[in-house]
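**Q** here's my sequence, what's the structure:
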Amino acid sequence: MFKLFRRNVKAVFWSLKQGFFYSPLLFLCYLLIQLLRATLSVSVTVLLGDIINEVQKILTTTGDLSQIGRKLALFGSLNVVLWLTVEIRWRLSDDYLPLRGDVGATKFLAKISRFIPLRKYDDSLFCDKYFRFQNGVRSQQRLLKSFERIGNILYTLTLSCVYLCQIHTVFGVVTLLFFLIGLFPTGRNAALQDQIRRETTAPRRYAAYLGGMFFGIYNRETRLFGMKDRYLSEWAATARSAAEKEIAGEKKIARTLSTVSFLRNVACPLLTVGIALYFVSRKWLLVGSIYTVWNLSRSSLSTAGDALQLFSDCTAQCKEAKETYETYRKIKKEAKPSTGMLPEADFDAPAFVVQSLAFSYLPGKTDKKVLADIGFTVKKGEAVALLGENGSGKSTLIKLLLGIYSPENGSVRVFGWEASEHEEYIRNHVGIVFQDFCSYPFTLRENVGFGDIREIERDDRIIDSLKFAGAEQVLQKAETLDRMLGRTVEQNGIELSGGEWQRLALARAYMGMKDILIFDEPAAKLDPLAEEKQFTSIIKYAREHRKTVILVSHRVGFARMADRILFLKDGKIAEAGTHGELMAKKGEYAGMFNAQQQMYAGREEKAV
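**A** Numbers count the residues shown, from 1 in each chain. Below is the predicted model:
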């Protein structure tokens, strides 16, 4: 373990530092309590041996009863203090430290997640590595406690051996020898543990996902479509696969540990008792010394058993710390450096300039491009409709416009600046309503105010945003901006329809008052009449506030209101122009418009 520690000292030191600073004062208190507990444990054993020796002296020759009384009083006091330290130690170890450590690790992971490009989450190999990284970060305090426990065990062993050597050198040597013998299988066991961790990453991650199918929003469809038995059996098979690999590896480790356990718990006690009895028969030791020898060697080797497992665990944790540190460094290295100053938007430049844009989700692994040779310009204050069938690349293009994805080729410039290189700049100038928007189980104020967190306490801004989004009915239903929405968190929250949640997502975008607003399927949960009203309201808002708007949909009825239409097909812009120009071409757009017009006309005839 020490060889591995030296090789990876940076990684281990980083992990120990992280684990310590999650709760530094608490951990220092824990260290002091552990040190006091170890000292008291050895002292109580030695003191009781002295008391037995004093009793033997009284029975055989002459002894001092008052001295025995003083030692008994001290023995009782030390036991009370020892009991208190054990109670405090368990409270710190089992309650406070894990809680503070989990909070600190969660904060750290939230901070690190900002540096990870979203496209990475489409790579299963990265997801496996990031799953291990999260586990590694959450186990940093466990690594710190492992090192603390090893130090505590070595301190107890040293203290015990010092006392044993004072009785007779042979007892200290035998105890130390059996302790060292048990260290030999540590490296092999650690390698097996690391192998198990890597081999079970993918099945454990998938099993965790399948387990979530029976809770929250997934549970509704799981039950309604009768998928429970299917996914339960698949979860069981996946979890069993991971468990079988873990059990197979643990069996190999257990065989080694059982041999060491026999030497520690059978061979060594028999040897020390035999030597002690021989010394007693030669009258070299008193009975109390036999008790002291027995208890100190037994407790030392009992903690040695813990130490052997700890050495093995700690070696595996050092390997985990190395991978965690390397992943951390790679994430930081690949993160875009922050200059500390946001660039100034050039409002004389177009809102968007897209040139020769190409993108694929697995660059270098496939020739198929999701988007290829995309080029267009959106002027400031222009309302552009981005249309296309499902799977044509609309949502991917939006993520590129937002700088969420980096283009494989080409560029996206927003008011003169590259989108993928200035995340905070994009957040300040571009607002978005995603197709898969979030429904927060928080208050109405928060659901809208998240659009501009700095103005979340301004009721007038929130109410105006609700009006722009046509969500006044939600305010009437809630009665107050501070009413909880949904019943996930509070039982008295109000339930909303899909359309009402979508209007709140629109209100959130209006709250931001950004220069550019992008709406990805903003009326997907609305009926045709409400849809037309929604698009009319969006265009009206853009005209009144001189905002640049991009409207994304696979339904074309609203496109007549836009200044220009971009029609995507197979990852390319197939057509571009106004509604009148594209209808005159009788191309892809005209075909889709006529087909949807006939579909809605047919529905109206049936309704009549």
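**Q** dihedrals phi and psi, residue 570?
**A** The phi and psi torsions at residue 570 (degrees, to the nearest 10) take the values phi 50, psi 40.
**Q** residues contacting it?
**A** 392-393 (C-beta atoms under 8 Å, 6 or more residues apart in numbering). Backbone N, C-alpha and C define where each C-beta goes, glycine included.
**Q** can you tell me how far it is from residue 468?
**A** Taking C-beta to C-beta, to the nearest Å as the criterion, residue 570 is separated from residue 468 by 36 Å.
**Q** which residues in the stretch 501-608 of the chain form strands?
**A** 516-520, 548-553, 564-569, 572-577 (DSSP state E, counting those that start in this stretch).
**Q** output those as a markdown table; include the columns mean pLDDT, mean neighbour count and distance to residue 107.
**A** Rendered in a markdown table, the data for the strands of the stretch 501-608 of the chain read as follows (pLDDT from 0 to 100; neighbours: other C-beta atoms under 10 Å; distance: least, C-beta to C-beta, whole Å):
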| stretch | mean pLDDT | mean neighbour count | distance to residue 107 |
| --- | --- | --- | --- |
| strand 516-520 | 89 | 23 | 31 |
| strand 548-553 | 89 | 24 | 35 |
| strand 564-569 | 92 | 22 | 41 |
| strand 572-577 | 92 | 17 | 43 |
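**Q** looking at those, which is closest to residue 494?
**A** Of all these, it is strand 516-520 that lies closest to residue 494, at 25.2 Å by C-beta to C-beta.
**Q** chain center to the closest one, what's the gap?
**A** Remark: strand 516-520 is offset 30 Å from the chain centroid, using C-alpha atoms, centre = their mean, to the nearest Å.
**Q** and that strand, which strands flank it?
**A** Taking DSSP bridges as the criterion, strand 516-520 pairs within the sheet with strand 430-433 (parallel), strand 548-553 (parallel).
**Q** could the ones you listed go into JSON lines alongside distance to residue 272?
**A** Output for the strands paired with strand 516-520, formatted as JSON lines (distance: least, C-beta to C-beta, whole Å):
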{"stretch": "strand 430-433", "distance to residue 272": "73"}
{"stretch": "strand 548-553", "distance to residue 272": "79"}
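**Q** residue 361: which of those strands is closest?
**A** strand 548-553 (18.9 Å).
**Q** give the contact list for the residue nearest to residue 289 when sequence neighbours are not counted.
**A** Nearest residue to residue 289 in three dimensions, chain neighbours excluded: residue 167, at 5.3 Å (C-beta to C-beta, 6 or more residues apart in numbering). For residue 167, the contact set (C-beta under 8 Å, 6+ apart) comprises 285, 289, 292-293.
**Q** taking the residues you listed, tell me the two that lie furthest apart.
**A** 285 and 292 (9.4 Å).
**Q** so is residue 209 in a helix, a strand, or just coil?
**A** Three-state call for residue 209 (DSSP: H, G, I helix; E, B strand; the rest coil): helix.
**Q** no wait, residue 390
**A** Recorded secondary structure, residue 390: coil (three-state DSSP).
**Q** count the neighbours of the closest residue to it other than its chain neighbours for me.
**A** The spatially closest residue to residue 390, leaving aside those adjacent along the chain, is residue 554, at 5.7 Å (C-beta to C-beta, 6+ apart). Counted with other C-beta atoms under 10 Å, the burial measure for residue 554 works out to 16 neighbours.
**Q** quick one: residue 554 from residue 231, how far?
**A** Here the distance between residue 554 and residue 231 works out to 30 Å (C-beta to C-beta).
**Q** kindly report the same for residue 192.
**A** When residue 192 is compared with residue 231 (using C-beta to C-beta), they lie 32 Å apart.
**Q** more neighbours: which of these two?
**A** In terms of neighbours (other C-beta under 10 Å), residue 192 is the more surrounded of residue 192 and residue 231; the figures are 20 against 15.
**Q** nearest to residue 491, of the strands paired with strand 516-520?
**A** With respect to residue 491, and counting by C-beta to C-beta, the nearest of the strands paired with strand 516-520 is strand 430-433 at 29.3 Å.
**Q** need the contact partners of that closest one.
**A** Contacts of strand 430-433 with the rest of the structure, by C-beta under 8 Å, 6+ apart, involve 398, 401-402, 414, 451, 505-506, 508-510, 512-520, 522.
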